[in-house]
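1. Show me the folded form of this:
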Amino acid sequence: EVNTDATDMGIPNIIEDQNMNLLSGEIELMQSSLFLNQVIDSLDLDITYYSVGEVLDFELYKSSPFQVQWKSIPSSYFNSNHTIVELDKTQYEITFFNGQKVKGQYGIPVLVDGTKLVVQRVAGLDVDPKNTYTFVLNNRQALRGYFAQGLLVEPKNFNANTLRISCQDYNAEKAMYIVN
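-> Predicted structure coming up:
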């Protein structure tokens with residue numbers, strides 16, 4: 001008896017196994033620290049800004065009226081909330097997690113623990129005087145942990161070698177930027 005059906009000989013299983021190996025490799029790559037670091041760099045997630053609410057805080061991804069620039073950040077300042085208040089159109093005050101307060105003028109560096117910090121106002125975005133604003137200086141480890149929890153990469157169709165990438169986040173715009 002001659003068997004002419006290739007599936008009886010196991011050929012589709014070989015193809016499916018190759019597809020699974022290819023997709024498994026892609027999934028591992030997308031969840032690797034190297035890949036996640038490139039995503040973090042491309043999305044400018046070093047500092048997260050929030051509008052503090054009575055029940056929930058809202059992340060102001062790409063819509064914060066302030067931009068904080070700080071090089072050589074002391075490690076104790078990472079992953080903590082720091083409050084920023086606009087005193088007038090040219091001045092602000094920051095209350096750091098440890099209670100330390102710093103007043104400054106927009107665009108002019110101030111010294112904090114021996115390092116320079118600059119706060120800029122973002123053109124076209126107004127400060128609501130009724131809102132409280134905070135920011136968090138994120139370190140790499142915390143950001144990778146965030147991605148490990150919220151990022152899901154799974155096979156969608158083995159035959160078409162396609163993956164489903166999803167991200168769970170409280171800010172839909174940020175989630176969209178992450179998966180795209």
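
2. May I ask which helix or strand encompasses Q67?
-> strand 66-70 (DSSP states H and E).

3. I'd like the next helix or strand past that strand.
-> By DSSP H and E, the next helix or strand past strand 66-70 is strand 81-86.

4. Sheet partners, orientation included, of that next one?
-> Partners of strand 81-86 in the sheet, by DSSP bridges, are strand 91-95 (antiparallel), strand 132-137 (antiparallel).

5. can you give me the angle the longest one makes with strand 66-70?
-> In this structure, strand 132-137 runs at an angle of 30 degrees to strand 66-70, with axes from the mean of the first three to the mean of the last three C-alpha atoms, to 10 degrees as the basis.

6. could you give the mean pLDDT of the next helix or strand after strand 132-137?
-> Counting by DSSP H and E, the next helix or strand C-terminal to strand 132-137 is helix 140-150. Averaging pLDDT along helix 140-150 gives 84.

7. following helix 140-150, which helix or strand shows up next?
-> Next along from helix 140-150, by DSSP H and E: strand 151-157.

8. Out of the strands paired with strand 81-86, flag the one nearest D57.
-> Distance to D57, taken as C-beta to C-beta, is lowest for strand 132-137 among those, at 7.3 Å. All C-beta spots, glycine's among them, are computed from the backbone N, C-alpha and C.

9. buried stuff in the closest one?
-> Under the neighbour-count criterion of 16 or more other C-beta atoms under 10 Å, strand 132-137 has 133-137 buried.

10. Kindly report the same for stretch 25-34.
-> I27.

11. quick one: terminal-to-terminal distance for that stretch?
-> Start-to-end span of stretch 25-34 (C-alpha to C-alpha, to the nearest Å) is 14 Å.

12. you'd agree Y133 is up against N81?
-> No. Judged on C-beta atoms under 8 Å, Y133 makes no contact with N81 at a distance of 10.3 Å.

13. and for the two, which residues touch both?
-> Counting by C-beta atoms under 8 Å, 6 or more residues apart in numbering, the contacts common to Y133 and N81 are Y50.
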